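K.L.:
dropping the sequence and predicted coords here.
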Amino acid sequence: DTTVKQNPRYKLARVGKPVNLICSQTMNHDTMYWYQKKPNQAPKLLLFYYDKILNREADTFEKFQSSRPNNSFCSLYIGSAGLEYSAMYLCASSRDKGERLFFGHGTKLSVL
Amino acid sequence: GDSVTQTEGPVTVSESESLIINCTYSATSIAYPNLFWYVRYPGEGLQLLLKVITAGQKGSSRGFEATYNKETTSFHLQKASVQESDSAVYYCALGRTGGYKVVFGSGTRLLVSP
């Protein structure tokens, strides 16, 4: 099974409220990633976990949190959603550094 | 930083016609990047179409081809005869051997008309 699952597919959030997105994979991949995708823009890497080590991109460091309670699951947490967080959030995993990425369908977040 | 620029879509092509989607890259921090084409079919997640890690080499998959040209820093995607089922969004991307970060282009939507 080479799938990455994301829940939910669509999420509505209110400005100022927290948001938690979930991702899982059953391929025993070491690395899991979160990308943000806005219309007509490239997917932008937010952060990734290698095993239990979290790496966040410098320009999104304070905006997103994540946890990885076990190898299969990874969450993306927004403490206080703003309108600018409206986007598609893509979760991906890879077996090792530089290897192909396996993506989920994405979660479309709309912040109102 | 590193960046990828690709043909702005949508690109509309009739079935059985040829296709080229342009991709150029700038890899300021990577001497020899790995180059990828990912594709997103309707209703599905992004998936790898093809990958080339050596300059001068060609990758191919599902009738698509792309050649890694280090001189022109390009990795154009070509297909001789497209099918309606090729309608999708195509993303050019670069990465580094042993590195985690993959930098994507903004995607090119391809519409193939019957």
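P.N.:
Perfect, I can see it now.
K.L.:
would you map the helices across chain A?
P.N.:
With DSSP state H, there are no helices along chain A.
K.L.:
which bits of chain A sit near chain B?
P.N.:
With the criterion set to C-beta under 8 Å from any C-beta of the partner chain, chain A comes near chain B through A:4, A:31, A:33, A:40-43, A:45, A:48, A:50, A:55, A:90, A:92, A:97-98, A:100-106. For every residue, glycine as well, the C-beta is placed using N, CA and C.
K.L.:
quick check: PyMOL command selecting the buried ones in those.
P.N.:
The following PyMOL command selects only the buried members of the residues of chain A next to chain B, with burial defined by 16 or more other C-beta atoms under 10 Å in any protein chain shown:
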select buried, chain A and resi 4+31+33+42+43+45+48+50+90+92+98+100+101+102+103+104+105+106
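K.L.:
count the residues that sit near residue 61.
P.N.:
Defaulting to chain A. For residue A:61, the count of nearby residues is 11 (other C-beta atoms under 10 Å in any protein chain shown).
K.L.:
oops, I was thinking of chain B
P.N.:
Summarising burial for residue B:61: neighbours were counted as other C-beta under 10 Å, giving 13.
K.L.:
can you check the one 3 residues further on too?
P.N.:
Applying the criterion other C-beta under 10 Å, we find 20 residues in the vicinity of residue B:64.
K.L.:
do you know how far the residue lying closest to it once chain neighbours are set aside is from residue B:11?
P.N.:
Of all residues not flanking residue B:64 in the chain, residue B:79 sits nearest, at 4.9 Å (C-beta to C-beta, 6 or more residues apart in numbering or on different chains). As for residue B:79, its distance to residue B:11 is 12 Å (criterion: C-beta to C-beta, to the nearest Å).
K.L.:
dump the residue contacts of residue 45.
P.N.:
Using chain A here. Taking C-beta atoms under 8 Å, 6 or more residues apart in numbering or on different chains as the contact definition, residue A:45 lies against A:33-35, A:57, B:101-103.
K.L.:
hmm, I had chain B in mind actually
P.N.:
Taking C-beta under 8 Å, 6+ apart as the definition of contact, the neighbours of residue B:45 are A:4, A:90, A:103-106.
K.L.:
quick check, pLDDT for it.
P.N.:
Per-residue confidence for residue B:45 comes out at a pLDDT of 92.
K.L.:
what's the spacing between it and residue B:88?
P.N.:
Where residue B:88 is concerned, residue B:45 sits at a distance of 12 Å (C-beta to C-beta).
K.L.:
and residue B:31, by the same measure?
P.N.:
Residue B:31 sits 31 Å away from residue B:88, taking C-beta to C-beta as the criterion.
K.L.:
more neighbours, the two?
P.N.:
Neighbours per residue (other C-beta under 10 Å) separate residue B:31 from residue B:88, with residue B:88 holding more: 21 against 8.
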